[in-house]
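Visitor: Fold the following and give me the result.
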Amino acid sequence: MVANVPRVTQAATTETRATAAKLSLPTLTTMVVGSMVGAGVFSLPRRFAQETGVAGALIAWAVAGTGMLMLAFVFQTLAVRRPDLDAGVYAYAKAGFGEYLGFFAAFGYWASACVGNVTYWVLIMSTIGTIAPALGEGDTVLAVVLSSAGLWLFFLLISRGVKEAAAINRIVTVAKVVPILVFVVLALFYLKPHVFAENFGGADYAGSLFQQVKGTMLATVFVFLGVEGASVYSRHARRREDVGRATVLGFLSVFAVFASVTIVSYGLMPMGEIAELRQPSMAGVLEHAVGTWGKVFVSVGLIVSVLGAYLAWTLMAAEVLFVAAKDDDMPRFLKKSTAADVPVPALVMTTLLSQVVLVVTYFSDDAFNFALDLTSALTLIPFLLAAGFAVRIALAQTRSGRGELTVAVLATVYTAFLIYAAGFKYLLVSFIIYAPATFLFVKARREQGRSLFSARELVILAVSVAGAVVGVVALAAGWISL
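Guide: Just a heads-up that it's a prediction; the model follows:
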């Protein structure tokens, strides 16, 4: 994921940053692709079949593709317009809307990565569960125990040094794309036109076309998470313009693959049957077409893919906390890193939150979908703030601002629609996670001897706490469930 990342300690200076090894465009692009291609793509057939037919899926991908492309352009523009800002999403939110919302963006983005990492372990255990029933669909006690062991084994691997972890990820990024492409080719070869036609309009349970499209939105957000990956590591880029180029190239590289996986599946099985498959549903679809070897092939590819994505996202999550701490928006202990450039305190917090969420999934009705949807919901606020900042930048431009403004507004509208599509449940659960994080903000302010909150920040605090209280009451009363 990251090759020869420069050592950064509390004593880091401008000189060390100037002489540090930097990342090339191909490396940054691989990082974006590696971040996006993970667990989500293997779950797409079932997630879409539960919500919509071919027509709705085509519209959903058109909406998601256009919206995410606008976000990709936003990150491209911001990387050029504000080369002084590192760590992408978090830095843009802070520059545009102040320290407290910037802190929330950093924490939310970090938390989404931690929750997303849980989906990887749930999916691995569900995959192995086809031959080891004791693992269920990744939601049994044994599955949680084994997943926990995996969490901490990867912690030990990454703590040895980013360079070693990156070498593994470069190999994995290439290897995990192959099974997905093979799936698409085989699905096209075995596609049954009459089945595809029957699935075109959707099923009775899917509701109106608008509801069908709305129901797929969180799934599309999840699979596209990582489109901002290059901007998170912008401080390591050889050239600032490469950050934006890598973002767009990485997005375009995977968009066609994700959409193809979804659409071709409708030509192999009735959507009602796809909706009942266990995850990873891609394995079940291919098994239906070619036999048992197809399921085994996809399952092996999934495990390789997921482990690579887990590595990438763990590094990315720790980087966000580390950079936020260096900007004095997180407590000082998160600034520390080893001689091998590993921010161990940030890595410990990342692994601990993943561990907590992993335990929570045991009590959820659908462990994988819960973790997937929560990951997407937590990311939306940071994305919305970054898009909003792009709007402000575009409005300030005297030249070439109209095109940038249009893109930024479209990205903002799209992200706002995603928050609506996520629904009340995940908004409240997000508040439950966001509000307690303010203790870290308070600790950072106290370490600097500053006043805790401005008047504007107190309003934001009140909203977040009120949302968290409502969320807890809703869970306790059974109005919403995990």
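
Visitor: hey, let's count contacts and neighbours off CA atoms from now on
Guide: Noted.

Visitor: all helices for the stretch 301-450 of the chain, in order.
Guide: 344-361, 367-396, 401-422, 424-434, 438-447 (DSSP state H, counting those that start in this stretch).

Visitor: So for the fourth one, mean pLDDT?
Guide: If I follow you right, that is helix 424-434. Per-residue pLDDT values over helix 424-434 give a mean of 82.

Visitor: And the helices of the stretch 301-450 of the chain: which comes nearest residue 118?
Guide: Nearest to residue 118 among these is helix 344-361 (5.8 Å), distances taken as C-alpha to C-alpha.

Visitor: and the closest one, what other elements does it pack with?
Guide: Contacts defined by 3 or more C-alpha pairs under 8 Å, 6 or more residues apart in numbering; DSSP states H and E place helix 344-361 against helix 99-128, helix 141-159, helix 292-326, helix 367-396.

Visitor: Could you tell me the angle between the second one and helix 99-128?
Guide: It refers to helix 141-159. Relative orientation of helix 141-159 and helix 99-128, computed by axes from the mean of the first three to the mean of the last three C-alpha atoms, to 10 degrees: 120 degrees.

Visitor: Now helix 141-159: buried residues?
Guide: Going by neighbour count (16 or more other C-alpha atoms under 10 Å), the buried part of helix 141-159 is 143-144, 147-148, 151, 154-155, 158-159.

Visitor: circling back to that earlier point, out of the helices of the stretch 301-450 of the chain, which one sits most buried?
Guide: Greatest average neighbour count among the helices of the stretch 301-450 of the chain goes to helix 367-396 (a mean of 24), per mean count of other C-alpha atoms under 10 Å.

Visitor: okay, the angle between that one and helix 344-361?
Guide: Computed by the same axes, to 10 degrees, the angle between helix 367-396 and helix 344-361 is 130 degrees.

Visitor: Let me know the distance separating residue 129 from residue 278.
Guide: 10 Å (C-alpha to C-alpha, to the nearest Å).

Visitor: my bad, should have said residue 190
Guide: Distance from residue 190 to residue 278, counting by C-alpha to C-alpha: 21 Å.

Visitor: Give me the more crowded residue out of these two.
Guide: Between residue 190 and residue 278, counting by other C-alpha atoms under 10 Å, residue 278 is the more crowded of the two (19 against 14).

Visitor: pretty sure that one belongs to a helix, no?
Guide: No. When classified by DSSP: H, G, I helix; E, B strand; the rest coil, residue 278 is found to be coil rather than part of a helix.

Visitor: For it, report the pLDDT, please.
Guide: 85.

Visitor: Please report phi then psi for it.
Guide: Phi and psi for residue 278, reported as degrees, to the nearest 10, are phi -80, psi 160.

Visitor: isn't it right next to residue 366, touching?
Guide: No. With contact defined as C-alpha atoms under 8 Å, residue 278 does not reach residue 366; the gap is 11.0 Å.

Visitor: give the contact list for the residue sitting furthest away from the middle of the chain.
Guide: Ranked by distance from the centre of the chain (C-alpha atoms, centre = their mean), the top residue is residue 194, with 35.6 Å. Contacts here follow C-alpha atoms under 8 Å, 6 or more residues apart in numbering; on that basis residue 194 touches residue 267.

Visitor: Next: residue 150.
Guide: residue 121.
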